[in-house]
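In: Please find the sequence and the predicted model below.
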Amino acid sequence: MGLSSHIVTAVIGILSAYIWLRIYAASRENGRRAQEESFRRRPSLAPEGIWTDLGLARQTRQPFEVLYPSIEDSSSATREIDFDIVAVHGLGSDVDWSWAWRDRKAGTSVNWLKDGNMLPASVPHARIMTYNYGTRRQWNAPKTRIQLCGEDLARDLHRFRHAVRDRPLVFIGHSLGGLVIQHALLFADRSDEFRYLPARTAGFIALGTPFNGARTSSILDFAPRLMFLAGSHRGLFRDLTYDHHVLQDKLREFRQLPWSIPVCCFFEQHETDYGRRFGYPKLVRGLVVPEEAACVPDWGRVPLQTEHLKMNKFPSPDDLNFLRVSTHIADMCRRRKVKGRSKSVGYEAVTTRRRMARQSTEPQKRTR
């Protein structure tokens with residue numbers, strides 16, 4: 001097959017993907033409108049605080065959804081909560097299915113964040129929640145940047161946890177979601193109001209997060225264009241090339257935080273076949289965030305035997321990848337619990353030291 005044939009095949013594949021996405025987006029929009037109409041006719045069924053305007057279903061959704069303990073759990077009222085676990089999804093994901101393994105043949109799904117035999121069994125005294133932010137594949141997807149998403153995460157956490165701000169946090173970020181978490185903690189550290197957030201962070205699980213960018217230029221070039229056709233904002237892809245100075249500056253700044261946040265980087269071992277999702281297997285295929293892009297020296301590094309799009313989905317409690325991830329989450333909680341108040345003392349010491357440093361420079365500024 002000559003070069004021209006390859007070009008024709010690629011063009012046909014991209015056009016087919018574009019058409020498929022248009023049809024898919026239209027069907028999703030029709031389904032959304034039908035659901036809104038259903039709730040409009042039965043307003044008493046609308047969950048309080050989520051549907052503030054029945055015509056703006058997704059857009060008015062609350063930023064956090066607690067998956068465990070569930071409202072239906074009769075023992076949740078008496079269970080002591082020691083930790084908050086916050087999961088932040090990646091690019092183009094829907095928060096409702098991003099963490100769920102789906103068996104299409106059987107018509108079943110498993111969400112490891114709330115299934116009683118999975119993560120809740122590993123950390124029974126944790127409150128597990130997902131964060132909803134706008135990178136979903138829809139035509140009116142919000143136009144934003146990673147930094148702004150991170151700042152929103154810090155502000156939303158501050159409001160949502162107003163009654164339990166001393167409670168330790170563990171973050172789980174998939175792909176771009178890990179960079180959102182990184183930016184949130186950096187933003188919080190620069191603010192007197194939010195600085196307690198990185199100080200209270202007991203751990204950070206990064207599932208295929210491109211801390212160093214990505215070498216797979218073909219996928220990075222193709223994916224944003226494809227996602228742009230589906231509605232996701234291409235601004236989210238800025239500065240994601242491997243070893244880009246912006247990424248390196250942010251990583252250096254994060255590693256210099258005084259809070260010694262434990263971070264474990266998980267990286268994919270199987271190639272992702274994007275072409276298969278659009279009916280053209282092997283058209284676009286490769287490691288999306290390989291080991292050298294996902295891992296950072298002196299941080300934990302663990303391989304997962306899966307592709308990039310399945311790093312945040314596990315089918316059962318016996319799945320090897322789930323056991324690796326859940327074990328590290330449980331260890332982070334256990335170690336923080338053993339350390340007890342030492343972190344709070346560290347927070348007070350760092351805050352006092354920074355306040356004194358600012359005060360010492362103020363007289364110099366006034367005399368200039």
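Out: Done, it's in.
In: Check the burial of Arg155 by counting its neighbours.
Out: 17 (other C-beta atoms under 10 Å). Bear in mind the C-beta positions are built from the backbone N, C-alpha and C, glycine included.
In: contacting residues for it?
Out: Phe194 (C-beta atoms under 8 Å, 6 or more residues apart in numbering).
In: do the same with Ala202
Out: For Ala202, the contact set (C-beta under 8 Å, 6+ apart) comprises Phe83, Pro168, Leu169, Val170, Pro262, Met332, Cys333, Arg335, Arg336, Lys343.
In: Could you double-check that the second one sits in contact with Val86?
Out: So the one you mean is Pro168. No - using C-beta atoms under 8 Å as the test, Pro168 is too far from Val86 to be in contact (11.4 Å).
In: Against Asn212, how distant is Asn111?
Out: The gap separating Asn111 from Asn212 is 30 Å, by C-beta to C-beta, to the nearest Å.
In: make that Cys149, sorry
Out: Cys149 sits 19 Å away from Asn212, going by C-beta to C-beta.
In: swap in Pro69?
Out: For Pro69, the distance to Asn212 - C-beta to C-beta - is 37 Å.
In: now swap in Lys337 and tell me
Out: From Lys337 over to Asn212 the distance is 32 Å, taken as C-beta to C-beta.
In: contact partners of the one helix or strand Met129 maps to?
Out: Remark: Met129 resides in strand 126-131, with elements defined by DSSP states H and E. Residues from elsewhere that reach strand 126-131 (C-beta under 8 Å, 6+ apart): 63-69, 81-89, 95, 98-99, 113-114, 119-120, 153, 156, 170, 177, 333.
In: so where do the strands sit in the stretch 51-200 of the chain?
Out: Here the stretch 51-200 of the chain has its strands, by DSSP state E, counting those that start in this stretch, at 64-68, 83-88, 100-103, 108-111, 126-131, 169-174.
In: Redo those as a markdown table? Include mean neighbour count.
Out: Formatted as a markdown table, those follow (neighbours: other C-beta atoms under 10 Å):
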| stretch | mean neighbour count |
| --- | --- |
| strand 64-68 | 19 |
| strand 83-88 | 24 |
| strand 100-103 | 15 |
| strand 108-111 | 17 |
| strand 126-131 | 23 |
| strand 169-174 | 25 |
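In: okay, those in CSV with distance to Ala206 next?
Out: What follows is these, written out as CSV (distance: least, C-beta to C-beta, whole Å):
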stretch, distance to Ala206
strand 64-68, 20
strand 83-88, 10
strand 100-103, 20
strand 108-111, 20
strand 126-131, 15
strand 169-174, 6
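In: Let's have the ones you listed in TSV, adding mean pLDDT.
Out: Supplementary listing: the strands of the stretch 51-200 of the chain in TSV, determined by pLDDT from 0 to 100:
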stretch	mean pLDDT
strand 64-68	96
strand 83-88	98
strand 100-103	94
strand 108-111	95
strand 126-131	97
strand 169-174	98
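In: So which of the ones you listed is nearest Gly275?
Out: Of all the strands of the stretch 51-200 of the chain, it is strand 100-103 that lies closest to Gly275, at 20.0 Å by C-beta to C-beta.
In: strands paired with the closest one, and their directions?
Out: Using DSSP bridges, the strands paired with strand 100-103 are strand 108-111 (antiparallel).
In: so where's this protein uncertain?
Out: Filtered on pLDDT under 70, the chain yields the residue ranges 1-60, 73-78, 92, 134-144, 214-243, 277-278, 340-368.
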